[in-house]
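need the 3D shape of this:
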Amino acid sequence: MLTFSRNIIVLSNYIFRLFAAIFLLITMPANAQNNSTVTFNGIGEIKLGMKKTDLEILLNKTIPVPNITSNKFDVYQDTVHLTYSGIEEYIILQRPPYDENQIIVWEIRSKSGSIKTKSGIGIGDNMAKIIFMYEDYMLYIIPTFDTSNDKIRIQGKSTIELYSSDRANKIIFYLNDDEVTEVGLKFEHNAD
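Residues are numbered from 1 along each chain as shown. You can find the predicted model right below:
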């Protein structure tokens, strides 16, 4: 009888450890993805529309914006290169047209291989996978043109713009030879 009781205790310990391991396996990927997940709102903790002051608190550093603060009439953006949680990003800060006293995150771009959308799209995926995964969304497939001559198409380069349901933000997949080379997000100020 003592052996039977000991076996029950050992078995219950194994079952407890098994459930604990399963719980960790289920919750850890969600937590690990947190700073590399691309949504319509941002990449990880860096969000579109985030105030510059909040971004500085998150990064624990001051971000210079010499273009925006130059008071030149036609300059309203600054691009900041940063690495946060191991993800290299380019952040475009801008004065929004609806509040000229604020500076916000207007656009985020990254070439990091660790970022992915919730549907699993990331660097290296192809156009067909994007279209398949987002067939119920509004997608624009746009060829890339030479910046000096908008009549000359750059062979093999294009973008796919994926709009949120309210059209407030969009995810942009930059493609080269049908492969995602960069992922961006942009705040759409003209949303209804």
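
part of a helix, is F132?
Yes. F132 sits within a helix when classified using DSSP: H, G, I helix; E, B strand; the rest coil.

give me the element the nearest residue to Y137 once chain neighbours are set aside is part of.
Spatial nearest neighbour of Y137, chain neighbours left out: L162 (5.5 Å); criterion: C-beta to C-beta, 6 or more residues apart in numbering. Heads up, the C-betas are built off the backbone N, CA and C, glycines and all. Here L162 sits within strand 153-163, counting by DSSP states H and E.

packing partners for the following helix or strand past that strand?
Once strand 153-163 ends, the next helix or strand along the chain (criterion: DSSP H and E) is strand 169-176. Judged by 3 or more C-beta pairs under 8 Å, 6 or more residues apart in numbering; DSSP states H and E, the packing partners of strand 169-176 are strand 153-163, strand 179-187.

and the angle for the first one with strand 179-187?
Relative orientation of strand 153-163 and strand 179-187, computed by axes from the mean of the first three to the mean of the last three C-alpha atoms, to 10 degrees: 50 degrees.

alpha carbons of strand 153-163, in CSV - could you do that?
What follows is strand 153-163, C-alpha atoms only, in CSV (Å, rounded to 0.1, in the frame of the first residue of the first chain):
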residue,chain,number,x,y,z
ARG,A,153,9.5,51.6,-63.0
ILE,A,154,12.2,49.9,-61.0
GLN,A,155,12.2,46.3,-62.1
GLY,A,156,11.5,43.8,-59.3
LYS,A,157,10.6,46.3,-56.7
SER,A,158,7.1,46.9,-55.3
THR,A,159,5.1,47.5,-52.1
ILE,A,160,2.0,45.9,-50.7
GLU,A,161,0.0,48.3,-48.5
LEU,A,162,-2.4,46.5,-46.1
TYR,A,163,-5.0,48.8,-44.5
